[in-house]
Structures are given as structure tokens and as C-alpha cells.
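[1] need a 3D model of the sequence below.
(4 chains)
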There are 2 protein chains.
Amino acid sequence: MSATILVVEDEPGIQEVLKFNLGQHGHDVIVAGDAEEALTLLRGALPDLILLDWMLPGMTGIDFARRVRADARQKNIPIIMLTARSDERDKVQGLDTGADDYITKPFSPRELMSRIKAVLRRRAPQMTEDTVEIDGLKLDPLSHRVHGKIEDKSTALDLGPTEFRLLHFLMTHPERVYSRSQLLDQVWGDHVFVEERTVDVHIRRLRSALEVTGHDRLIQTVRGSGYRLSAIQG
Amino acid sequence: MSATILVVEDEPGIQEVLKFNLGQHGHDVIVAGDAEEALTLLRGALPDLILLDWMLPGMTGIDFARRVRADARQKNIPIIMLTARSDERDKVQGLDTGADDYITKPFSPRELMSRIKAVLRRRAPQMTEDTVEIDGLKLDPLSHRVHGKIEDKSTALDLGPTEFRLLHFLMTHPERVYSRSQLLDQVWGDHVFVEERTVDVHIRRLRSALEVTGHDRLIQTVRGSGYRLSAIQG
DNA sequence: CTCCAACGTCACGAAACCGTCATGAATCCG
DNA sequence: CGGATTCATGACGGTTTCGTGACGTTGGAG
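    Now for the predicted structure:
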């Protein structure tokens, strides 16, 4: 699995290390020395992954990540952030802003490659940035909106961020049961430590929101296994 | 998902904490106070995971990990290392040596369990789950569904978890008689103790559920021996 | 700063599921 | 033709799993 990776990093030394290691694994590498340069490069190319140093001259990693997430085209590019300290606050803030994983410096090449592979693999099955539609329920990842029909009238549904990601994942992977643990990995991320029952609560909130258009029955409970999204009842 | 875990840790206090928490989650725990003892124990047992304190009396964690990795039998046992908070150098070296994850002390039990689960899941063999079809009866492990045809219309059948596993096993091993004891081993698991007659009851419940599409005749009783799933009558 | 939306966790009740037993039917054997 | 063995079936607590409402926290918006 080879990919195009944008590295945003100001230290030339680390730049070289990353370029070498990523190249070894068959990835194409684009390097930007600061956030401005990175944004410029992003106008010309769409990488499959962004490796982002959290401490940058000028614009910080957080601001950069926000800018990237704000652009519809780039919204779904996974971001791995490189943090110097094991500062928990940075990590949390980074993950909130939309980073997919973090890695603390100094890091081993093995760990880095492992995380890159994990992130790419996780994103792989849901490449679609197109709108998904199941049983009249439309989800548009670009506009971050969900519409359902109620008596032939399109109605917007109100979802929280987590419910949206949960629904998005389920709609791009229908007709299949996912355990709570799998959903946590896919929707929350490997690095988040939450109770499995939290999934129940969000499923409930999601169902509750979908009730408006009667689409709550799309999400089915498979006792002892997990949840499934399916237009077919049973 | 329960597993056998080898804990290599010299502090009795932490030993106890780990033993308790791991036990709570259904894992079997083997404890070694130092690397020598751990290596000795490894000759007798193959755990599913090693929890390794990086600071040990005598042989260090790095040396121990290297020894484990050198042995072909133990090569693939995942290792999670416990490191003191600040020591970044150890972390890098550890991951290079082949540790699969690290966790910094002090750690919360929840984070520890989460990482253990992640590592075990990563190692778990992904069994190929294909749909099985016999005599028009379709079972799909992915969607966790069973469909039968009734007058050319596909009809979903409602099964409980145990009935589903039972049917799944029988459909993947048709045309063969299984004793109650064998079915208990295969479907319930070899560690569970339940009455053999319990199988009868679940066979009955399964048949009852299959009645909807007339597939109850698929499961046949072989007096004195057990049960068999077969499309051929007799 | 205050307010609010979103989230994670918990506790409680409901429902589903499971294992066991009692009883009666079916089958086998002398 | 009984008697004994094996199996089917229905019923009944006990347990597990899930749904649901409530609560405390947190980060961001106003």
C-alpha cells in the first residue's frame, strides 16, 4: 500500500529522516517547511496523508489542521501529528481538531510506519467522499449534512459530530455487523479510551435524531454481537 | 476475548494491581519477578501476550525482549512495555527491539486494558467469513443474518446468538453426525460446563425458528449418536 | 466571564436469552 | 407386549444484554 504523504516539518534533520523512511516503504513524499508552504502545496496536490509537526514557526499545527479541515476537498485527509512533549493537552486538542493519530518525538521509524499503515488502512474502505444514500436517507460528507424525506419533503437532521461520524461509517459499511469495539476503533480511533457502552448511548442518540424521518429503524441491534445498518428489516 | 498473559514485573505492588485488573477481565495471569524467571516460565508455557516492565533487576527489559524475539516459538508473542514517564530513549529503543506498544507509568487500569485489547485484536487471525448456503438457506456471518426462501420470497429468520452459532457450525460441517459433547465443544467452547441435554433444547429452538421456511427438516436426529445437518432426507 | 452543546459515564429497568427440569412421546429390546 | 432408553417439548427462574434517562465535565461561543 503506497501513498502520497505531505510532511509539514521545519527541522531539516527530521525532514530527512522522514523522507528516507517513507521512501523506503514506497511512499511518495512532499515536504513543506512551514504551514504557509503546506497550504500552498495543498492547492496543487491532494496527498493521502499529512504528517504534521505540532510545533511550527508562525501558524501552529492546530491552526493548520483547522484550515485543512475547513476545506471541503481536504476534509477527509487523515492527519498524524508529531508532538514534542508528551503533553496530554496538546494530544487531546489535536485529536479534537481532527488529527487521526499522534506520535510523540522522538519516535522510532517502526512505530511511525506502523501508525501510518494503520491510519491508511482505516481510511481505505471508506474512500468515498461522495454522498451516501440509503433508503432515502442522504448523507453528504462534504457539506456535513444529513437529509431525510418526510412526506416527500427533504428534511435536514441535526446530528452531533460523533453521531455524524458514526452514521457516516455505518452508511458506508451497511449490511454488516460491527461490535462495539470495532466501532470505537473506526469512529472514535484506536487511541481513545472510552467504555464500550458509550457506543450504546451514541447509537441511541443517533436513532433518536433519525426518528424525525422514521429512519431510526435503519440501525439494528444484533444481540450479543453489535450493531448493523441495513435497509432490510429483521 | 480472554487470554493468557505473562507479567514480568519486580515490584510486588504493581504485580498485585496487574493481577487483579487482568483477572477481572477474564485473563489468566502468570507472574515473573525478573527476566530469568520469565524465561524459565516461557519454556513451559506460551502466553498470548507479555507485559514487560522495562526496568528490571539484572537483565533489562531490552535484553529480555531480544531473547524472546530470538526464539522462533515466541517470536510472535506481542509485548507491551511499561516505562517510567520520562524516559523517551527507552521508548524508542523498546519499539525498535520489537515491543508492540508501550504504556507509561503511572497508568490507568482502563488505558492498560484498552491497549491489551487492541494488541490482542491486532494479532487475532481474521477468519474468513463467507456466507454459507444449503438447500436455499443462506447464512451470512458478516451481516449476522439467516435468510430462507418462502414462495420465492427471501425471508429473514430470527435466531438468538447461540442458535446462530449452532446453525453456523452445522452448515459449515454438513452431512456429518455430531454428538452432544462435540457440539458443546465446538459451539459453546471446550471450557464451559453445561448439561448435554442443553443441546437438545437449542436444537429444538433452532428447528422452531427454521420452521418458518420449512428448513427445520434440515436438522436430523440420529438416535444414540447426536445430530446432523443434511439436505438429503432420511 | 457565563452559557450551551456535546460527550462519557453511570444506574436502573426491561427484554432477551440461557440452562435446567418435568413430563410425555417415540423407539428399541427382550 | 411391557419396560427401558432416548428424545421432544413446554415451562420456569436466573442471568446477561440492551435501552434509556440523568448527571457531571469540558471546551468553545457569545
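[2] need the helices for chain A, in chain order.
    For chain A, applying DSSP state H gives helices covering A:12-24, A:35-44, A:61-70, A:88-97, A:109-123, A:161-172, A:180-183, A:197-210.
[3] which stretch among the ones you listed comes nearest residue A:221?
    Nearest to residue A:221 among the helices of chain A is helix A:197-210; the distance by Cβ to Cβ comes to 8.0 Å. The C-beta positions use only the backbone N, C-alpha and C, and glycine is treated the same way.
[4] quick one: that closest one near DNA strand D?
    Yes - Helix A:197-210 reaches DNA strand D (Cβ under 7 Å from any atom of the strand) through A:197, A:200, A:201, A:203, A:204, A:207.
[5] for the first one, which non-adjacent residue is spatially closest?
    I take that to be residue A:197. Excluding the flanking residues, the one nearest residue A:197 by Cβ to Cβ, 6 or more residues apart in numbering or on different chains is residue A:180, at 7.5 Å.
[6] contacts only, for the one you found.
    A:196, A:197, A:199, A:200, A:226, A:227 (Cβ atoms under 8 Å, 6 or more residues apart in numbering or on different chains).
[7] same deal with residue A:47?
    A:3, A:4, A:5, A:6, A:30, A:77.
[8] now residue A:19
    Neighbouring residues of residue A:19 by Cβ under 8 Å, 6+ apart: A:7, A:29, A:31.
[9] partners of the first one in the sheet?
    So the one you mean is residue A:7. Beta-bridge partners of residue A:7, counted by DSSP bridges, are residue A:31, residue A:51.
[10] that one and residue A:30 touch, don't they?
    Yes - using Cβ atoms under 8 Å, residue A:7 is in contact with residue A:30, at 6.9 Å.
[11] when these two are compared, which one has more neighbours?
    Using other Cβ atoms under 10 Å in any protein chain shown, the more surrounded residue of residue A:7 and residue A:30 is residue A:7, with 23 against 17.
[12] hang on, the earlier thing: farthest-apart pair in the residues of helix A:197-210 next to DNA strand D, please.
    A:197 and A:207 (15.4 Å).
[13] of these two, give the one with the bigger neighbour count.
    Between residue A:197 and residue A:207, residue A:207 has the larger neighbour count (other Cβ under 10 Å), namely 17 against 8.
[14] skipping adjacent residues, who's closest to that one in space?
    In space, and not counting its chain neighbours, residue A:207 is closest to residue A:216: 4.2 Å by Cβ to Cβ, 6+ apart.
[15] ok, that neighbour to residue B:112 distance?
    36 Å (Cβ to Cβ, to the nearest Å).
[16] give me the phi and psi angles of the residue in chain A sticking out farthest from the centre.
    The C-alpha centroid of chain A is most remote from residue A:151, which lies 33.6 Å away (Cα atoms, centre = their mean). The phi and psi values for residue A:151, taken as degrees, to the nearest 10, are phi 50, psi 50.
[17] burial measure for the closest residue to residue A:182 other than its chain neighbours, as a count.
    In space, and not counting its chain neighbours, residue A:182 is closest to residue A:226: 7.0 Å by Cβ to Cβ, 6+ apart. Residue A:226 has 20 neighbours, counted by other Cβ under 10 Å.
[18] can you name the residues that contact residue A:226?
    Taking Cβ under 8 Å, 6+ apart as the test, what residue A:226 contacts is A:177, A:178, A:179, A:180, A:182, A:183.
[19] so the second one sits right up against residue A:185, yeah?
    No - counting by Cβ under 8 Å, no contact exists between residue A:178 and residue A:185, whose distance comes to 9.3 Å.
[20] what's the closest of the contacts of residue A:180 to DNA strand C?
    Nearest to DNA strand C out of the contacts of residue A:180 is residue A:197 (Cβ to the nearest atom of the strand; 5.9 Å).
[21] need the pLDDT of that closest one.
    Looking at residue A:197, its pLDDT is 96.
[22] and the gap between it and chain B?
    Residue A:197 sits 13 Å away from chain B, going by Cβ to the nearest Cβ, to the nearest Å.
[23] which parts of chain A sit against DNA strand C?
    A:158, A:160-163, A:188, A:192-195, A:197-198, A:201-202, A:205, A:223-224.
[24] how does it look with 10 Å?
    Contacts of chain A with DNA strand C, taken as Cβ under 10 Å from any atom of the strand, map to A:96, A:158-166, A:184, A:187-189, A:192-202, A:204-206, A:209, A:221-224.
[25] how far is stretch A:44-62 from where the chain is centred?
    Stretch A:44-62 has its average C-alpha position 15 Å from the chain's average C-alpha position, going by Cα atoms, centre = their mean, to the nearest Å.
[26] thought residue A:157 was touching residue A:138, still the case?
    No - look at residue A:138 against residue A:157 with Cβ under 8 Å: they stay out of range, at 9.7 Å.
[27] and for these two, which residues touch both?
    Contacts common to residue A:138 and residue A:157, judged by Cβ under 8 Å, 6+ apart, are A:146, A:147, A:148.
[28] who wins on neighbours among the residues you listed?
    When neighbours are counted by other Cβ under 10 Å, residue A:146 leads the shared contacts of residue A:138 and residue A:157 with 25 neighbours.
[29] ok, and the closest non-adjacent residue to it?
    Nearest non-adjacent residue to residue A:146, counting by Cβ to Cβ, 6+ apart: residue A:157, 4.4 Å away.
[30] for the one you found, give me its contacts.
    For residue A:157, the contact set (Cβ under 8 Å, 6+ apart) comprises A:146, A:147, A:148, A:209, A:210, A:212, A:213.
[31] kindly report the same for residue A:184.
    A:192, A:194, A:196, A:198, A:199 are the contacts of residue A:184 under Cβ under 8 Å, 6+ apart.
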